[in-house]
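Visitor: sequence below, structure please.
(2 chains)
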2 protein chains.
Amino acid sequence: MSRPAPLSGFPELLPEQRIVEQKVVAKLARTFELHGFASVNTRAVEPLDQLLRKGETSKEVYVLRRLQADAESADAGLGLHFDLTVPFARYVLENAGKLQFPFRRYQIQPCWRGERPQEGRFREFWQADIDIVDRDTLPTHYDVEIPLVVGDALRSLPLPPMTIHTNNRKLSQGFYRGLGIDDPAEAIRAIDKIDKIGPSGVATLLADNVGATDDQVKACLALADISSDDASFVDDVRALGVSDPLLDEGLEELAAVVEGAAAQHPGLVKADLRIARGLDYYTGTVYETFMSGYENLGAVCSGGRYDNLASEGKFRFPGVGISLGVSRILVPLLGSGALRATRPVPTCVLVALADDDARPRSRELARRLRERDIACEVAPSPQKYGKQIRFAERRGIPFVLFDSGDGVTEMRDIRSGEQVAVDVDTWAPPAGDARPDIVAGDRPTLIADL
Amino acid sequence: MSRPAPLSGFPELLPEQRIVEQKVVAKLARTFELHGFASVNTRAVEPLDQLLRKGETSKEVYVLRRLQADAESADAGLGLHFDLTVPFARYVLENAGKLQFPFRRYQIQPCWRGERPQEGRFREFWQADIDIVDRDTLPTHYDVEIPLVVGDALRSLPLPPMTIHTNNRKLSQGFYRGLGIDDPAEAIRAIDKIDKIGPSGVATLLADNVGATDDQVKACLALADISSDDASFVDDVRALGVSDPLLDEGLEELAAVVEGAAAQHPGLVKADLRIARGLDYYTGTVYETFMSGYENLGAVCSGGRYDNLASEGKFRFPGVGISLGVSRILVPLLGSGALRATRPVPTCVLVALADDDARPRSRELARRLRERDIACEVAPSPQKYGKQIRFAERRGIPFVLFDSGDGVTEMRDIRSGEQVAVDVDTWAPPAGDARPDIVAGDRPTLIADL
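Guide: Residues are numbered from 1 along each chain as shown, chains lettered A, B, ... in the order given. Presented below is the predicted three-dimensional model:
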């Protein structure tokens, strides 16, 4: 077998980077649980007809086929999910009779899209989603809660500052309708491209695809230019002189989100009326989150309210949620060294080995350390102690335990070189050394650097 | 959209069951880390040629195809992994220059096999693997360590007792060779079927496929009948009167595994000379683990030593490892109620809502509880308090916090009905109520039962 090469679009992490990913996922999960969200994992596959309901991404779906199966076997109807929203909507419908509503769930899993890779785009990537769904109706106070939960989750991580830009579909649609535009949905799709093609490009689209007049184009662009950290955007919109009942509803809902979030977490959420979101299923609030200094990654955490995504006959399950792009954030931050683990292995103590016959005794010392939740491993072979210490250094293990015989054990901190007699049944590492953690910014002093 | 039906072979868990799975995975991961194993996640896909190196499972591989892609696109060469050993061997080769050896890793991920589902068999299933690999040679003391780590992991879970049945390929091959059998590998494949087709069926296979004489068949079956909790199996094998240098090596290695394991964890490992393992790549120790009372599930945790699985030119990475069938164990135990969560949600406290204007105040109380790691959520709507209490009961939330105004808050334990004034900044739930946990056996008293 020759040396395998990485597969483009399928990022894999080295053990040291994987520790960062584990900690990030654990901290996200714990924050979501602190807010009462239950974990759900769905299978990796969905029936193709479910995946293709959102036509936009149909070309990117990976379809499964059993090797050597008949051309049209039963499995041919399955594809890998490309997000966690479609599987969740299906899960809610399938299990509605066994769930308690409003149902709060989080879901952290990989997704797959068969697209051409480019920076920040992957064919396999992890997402962390939270959603709240209810039967029939879902109060709008949940539109305030979702960004607050995300804000708490992001605060628990050493990441660059994030701002959640928020808009409301009713506001945009009502405004366009009040302006006399025939196809508000098409106008939203045009505005969604503003960051890519600029205001003049959007003006052309609005004229060509929506048949907007110069005045209508000007008003649409003026609306997209409005943003604020508080509810002052309402006056700015009013000043454009458009009126429509749906616009009023949207203004009220967006003001409630911005003000409600500011009361608990100032600076987290801002109203930004250029935010559109491409997907058709959003019906009210929409969110897009940008990471300071990494705006080129695009939105790293997006979502919104969908009142009609999950329905079965006369039953409807409106929801609101957001999806955090774990791979989209982590892969560049790990690559640039902006996020690191304090050490590359879980092991805190290497138990040295005097000679081969001493292995049972060293195993026993390791067992006693583990009993008090201290991660350790026994040296691979009874080399000279200097070599065993260098092995710990190479592995990034901060402590080495020596059994000096007659019940005397000594612990060496290989960073300071200090070695003292210890009682293995009471010794504990400094809190910062107990488990690897994640740190931001400059590379901390790693054992391998010394 | 009509109500979706489950997909056969792709089990999904309800939130209460998912809590059990989460805890099991977390406890396994923590035990592996306590033993110095680092987490690795590999991508879900491997190049087809890698997956097909183990010919036996080729029919079960799920191949990926981009929907609407050309018939022979680049992606057509990818398939979903069917175990975690093949991806790990590839990962070691790909990253050998960046890993420290001996390399200890654990990996807990789903695998996929496109097979017809039957009880205990899934098309998507989770496995938890540990492996230790080194360059060139790997000392045999790791063959003792692997079952001891698994023993610790299993002890941390409320599962039925497990026994790791162990054999050694060198022992079997040496014995068959010493007997004068031409194709020891084929003889091992025949013995591997003994639990399915019985000794007489195996006798026929040995005669037909291996050309064994009656005496040879008798000796093979006598060997397969030997088992012991200590090294006494060595004398039983010797008594069969076969001699071969490879047999001697195998006897010595297996005795070391059984005695080394018994010294640390009596009763965990037994020598069982009928254990064969179907896969070709094992070269020494092999393990199969059976769960007491659930022997019908087959081996729930299997593995062994593979000296030649990963190699690149003149570099060789011998390894030893074991794979625990997380889904294979959990799905039946969850289905029978033998394993349960103490409550179905992470939430410990429901913060009641006096009226709609009180939401910011209730949010603030919730924030203060969360700051001290107490999971809580605010009531969905300001219904009468009796209804809010019943909502908590239905959700399985044990406590309800009432804001009585003037800074007075009261906490109600909805199981006892007791309600007392508390300081939200110092109150803490009893240890058993802080987070949901897993329990074995009879269903504990759940809130929903009261």
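
Visitor: and chain B, is the strand or helix carrying residue A:63 touching that?
Guide: Using DSSP states H and E, residue A:63 sits within strand A:62-66. Yes - against chain B, strand A:62-66 shows contacts by Cβ under 8 Å from any Cβ of the partner chain at A:62, A:63, A:64, A:65, A:66. For every residue, glycine as well, the C-beta is placed using N, CA and C.

Visitor: I figured the second one was touching residue B:64, is that so?
Guide: Same thing as residue A:63. Yes - at 7.3 Å, residue A:63 counts as touching residue B:64 under the criterion of Cβ atoms under 8 Å.

Visitor: part of a helix, is residue A:276?
Guide: No - secondary structure of residue A:276 (DSSP: H, G, I helix; E, B strand; the rest coil): coil, not part of a helix.

Visitor: how about it, phi and psi?
Guide: When read as degrees, to the nearest 10, the backbone of residue A:276 gives phi -120, psi -40.

Visitor: remind me which helix or strand the residue lying farthest from the centre of chain A belongs to.
Guide: Residue farthest from the centre of chain A, counting by Cα atoms, centre = their mean, is residue A:406 at 52.6 Å. Taking DSSP H and E as the definition, residue A:406 sits outside all helices and strands.

Visitor: hang on, residue A:51 packs against residue A:77?
Guide: No - look at residue A:51 against residue A:77 with Cβ under 8 Å: they stay out of range, at 10.1 Å.

Visitor: so for these two, which residue has more residues nearby?
Guide: residue A:51 (25 against 16; other Cβ atoms under 10 Å in any protein chain shown).

Visitor: confidence score at that one?
Guide: We note a pLDDT of 86 for residue A:51 in this prediction.

Visitor: cool, residue A:332 as well?
Guide: 87.

Visitor: that one and residue B:95, how far apart?
Guide: Using Cβ to Cβ, to the nearest Å, residue A:332 is found at 20 Å from residue B:95.

Visitor: what's the spacing between residue A:285 and chain B?
Guide: Here the criterion is Cβ to the nearest Cβ, to the nearest Å. By it, residue A:285 lies 17 Å from chain B.

Visitor: go on, residue A:33?
Guide: Separation of residue A:33 from chain B (Cβ to the nearest Cβ) stands at 4 Å.

Visitor: please apply the same query to residue A:272.
Guide: Per Cβ to the nearest Cβ, residue A:272 is found 24 Å from chain B.

Visitor: residues contacting that residue?
Guide: Listed by Cβ atoms under 8 Å, 6 or more residues apart in numbering or on different chains, the contact set of residue A:272 reads A:165, A:166, A:167, A:227, A:288.

Visitor: quick one: which of those has the most company?
Guide: The contacts of residue A:272, ranked by neighbours (other Cβ under 10 Å): first place residue A:167, 31 neighbours.

Visitor: what bridges to that one?
Guide: Assessed by DSSP bridges, residue A:167 has beta-bridge partners residue A:286.

Visitor: ok, it touching residue A:273?
Guide: Yes - using Cβ under 8 Å, residue A:167 is in contact with residue A:273, at 5.6 Å.

Visitor: packing partners for the strand or helix carrying residue A:307?
Guide: Residue A:307 belongs to strand A:301-312 when assigned by DSSP H and E. Applying 3 or more Cβ pairs under 8 Å, 6 or more residues apart in numbering or on different chains; DSSP states H and E, one finds that strand A:301-312 contacts helix A:85-95, helix A:141-155, strand A:285-291, strand A:315-325.

Visitor: buried sites along that strand?
Guide: A:301, A:302, A:303, A:304, A:305, A:306, A:307, A:309, A:310 (16 or more other Cβ atoms under 10 Å in any protein chain shown).

Visitor: centre of the chain to it, how far?
Guide: The chain centre lies 18 Å from the centre of strand A:301-312; the measure is Cα atoms, centre = their mean, to the nearest Å.

Visitor: name the residues that touch it?
Guide: Strand A:301-312 is contacted from outside by A:85, A:89-90, A:92-93, A:96, A:129, A:133, A:138, A:143, A:146, A:150, A:162, A:164, A:169, A:277, A:281-289, A:316-325, B:1-3, using Cβ under 8 Å, 6+ apart.

Visitor: change it to 6 Å
Guide: A:89, A:92-93, A:143, A:277, A:281-289, A:317-324, B:1, B:3 (Cβ atoms under 6 Å, 6 or more residues apart in numbering or on different chains).

Visitor: tell me the strands beside it, with direction?
Guide: In the sheet, strand A:301-312 lines up with strand A:285-291 (antiparallel), strand A:315-325 (antiparallel) (DSSP bridges).

Visitor: which residues touch the shortest one?
Guide: Residues from elsewhere that reach strand A:285-291, judged by Cβ under 6 Å, 6+ apart: A:143, A:160, A:162-168, A:257, A:275, A:277, A:299-305, A:322.

Visitor: thanks again, I'm all set now.
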